[in-house]
Structures are given as C-alpha cells and as structure tokens.
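Visitor: Sharing a model that was predicted from the sequence below.
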Amino acid sequence: MIPMKVTGALFFISVLVLSGCGNFSKDADKPNREDATIIHKGEKDGGSMETGDGYGFSTFDLEIDVDGKDAIDANYKITKNADGEYENKLANEKFKDEKAMDALDQLFVAILLTKDTTQQQAIDKILEYYQIEDYTKFELTVEFDDGTMLDFEDKK
C-alpha cells in the first residue's frame, strides 16, 4: 500500500512540475509570438547608437565639394522606412535604397555624431572618413531624435 501512495504522490508532483514549467497557453504555438526583451528608453524614442537601435538622428544631409566640384552627397531620412541616397564621386559610387543604407551605415558608425558634436569635430571626423584633405564647400544638416539640430555650411 505504501509503494502505491508514494507512486501516486510522485505522479501528482510530476504533473504539477510539468504543468508549471510548460507553456500551454492558447498562443504558445503562434509564430508571431514575441519573446520578452529589455527595451531601453532611447529605443522607444527613436533610438541611438548607444542602445543599438538607430543612429540617434532622423535626418542627415551632407554635401562636400572639392575644387569647386560636387564630391560627396549623402542623404538619410526616416520615413516609414529608412530612406537613403549616397553618392561619392571621388570613389565613383552612387547608390539608392539598400546599398545606400549600407554605405551610410558605415559612415554613421565611423563618425558617431551626437547632439554635442561641435562643427569642427563633425568636419574633422567626416573628412577623415573620406580621406579628404581640403574642400571648397562643406554643408551638413543633422536633426537628432530629441529635436536638436546640427546645421552649418563652411566655404573656403
């Protein structure tokens, strides 16, 4: 009689453990079910390089002229999707859409602009990235996710 009570108790405990550890909800097998993730405040607000979601700005417009001729044009704007256009006449590159976003991603990660970046720091970082020593026109407009702007034009 005792082995039967022990067996019954073990069976009952096993059922409780398995039902507690299992996932028997009605949405358990749905493919669109999301796993729990940690969301940083910056990701909800549009993202930043620090949180790994976005670049920290919603628009980026860069134009550099070398010897009076158009050399670099880079445009990025958040709409429903991230839209990008990229042209580097020095390297004979012109891209739209996905290829443009790949080229812009490399630029953005290399220069890491923030709202606290000064005009000279932005110029130095971008010129270093493109390996340009001198320019005749440098125009940059960046609108950060918090609404601050970096907007300037420098002509030589």
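Guide: Noted; the coordinates are in hand. For clarity, every value in this text was computed on a predicted model and none was experimentally measured.
Visitor: In the chain, where is pLDDT below threshold?
Guide: Along the chain, the parts satisfying pLDDT under 70 run over 1-53.
Visitor: Could you rerun that using 90?
Guide: 1-58, 77-84, 97-98, 101, 114-115, 144-147, 156 (pLDDT under 90).
Visitor: mind listing the strands for it?
Guide: Using DSSP state E, the strands of the chain run over residues 57-66, 69-78, 82-88, 93-96, 137-144, 149-155.
Visitor: Name the residues that touch the fourth one?
Guide: Contact with strand 93-96 is made by 84-88, 102-103, as judged by C-beta atoms under 8 Å, 6 or more residues apart in numbering. C-beta coordinates here come from the backbone N, C-alpha and C atoms, glycine included.
Visitor: what does stretch 73-90 give?
Guide: Residues contacting stretch 73-90 (C-beta under 8 Å, 6+ apart): 46, 55, 58-63, 66, 69-72, 93-97, 99-101, 103-104, 107-108, 130, 132.
Visitor: Show me which of the residues you listed are buried.
Guide: Buried by 16 or more other C-beta atoms under 10 Å: 46, 55, 58, 60-63, 66, 71-72, 95, 100-101, 103-104, 107-108, 130, 132, out of the contacts of stretch 73-90.
Visitor: Wait, Lys156 touches Thr136, no?
Guide: Yes - with contact defined as C-beta atoms under 8 Å, Lys156 reaches Thr136; the gap is 5.6 Å.
Visitor: Have a look at the two and say which one is more surrounded.
Guide: More crowded of Lys156 and Thr136, by other C-beta atoms under 10 Å: Thr136, with 14 against 8.
Visitor: Identify the residues contacting the more buried one.
Guide: Counting by C-beta under 8 Å, 6+ apart, the residues that Thr136 touches are 65-68, 155-156.
Visitor: picking up where we left off before, most neighbours, which of the contacts of strand 93-96?
Guide: Using other C-beta under 10 Å as the neighbour test, these are led by Tyr86, with 23 neighbours.
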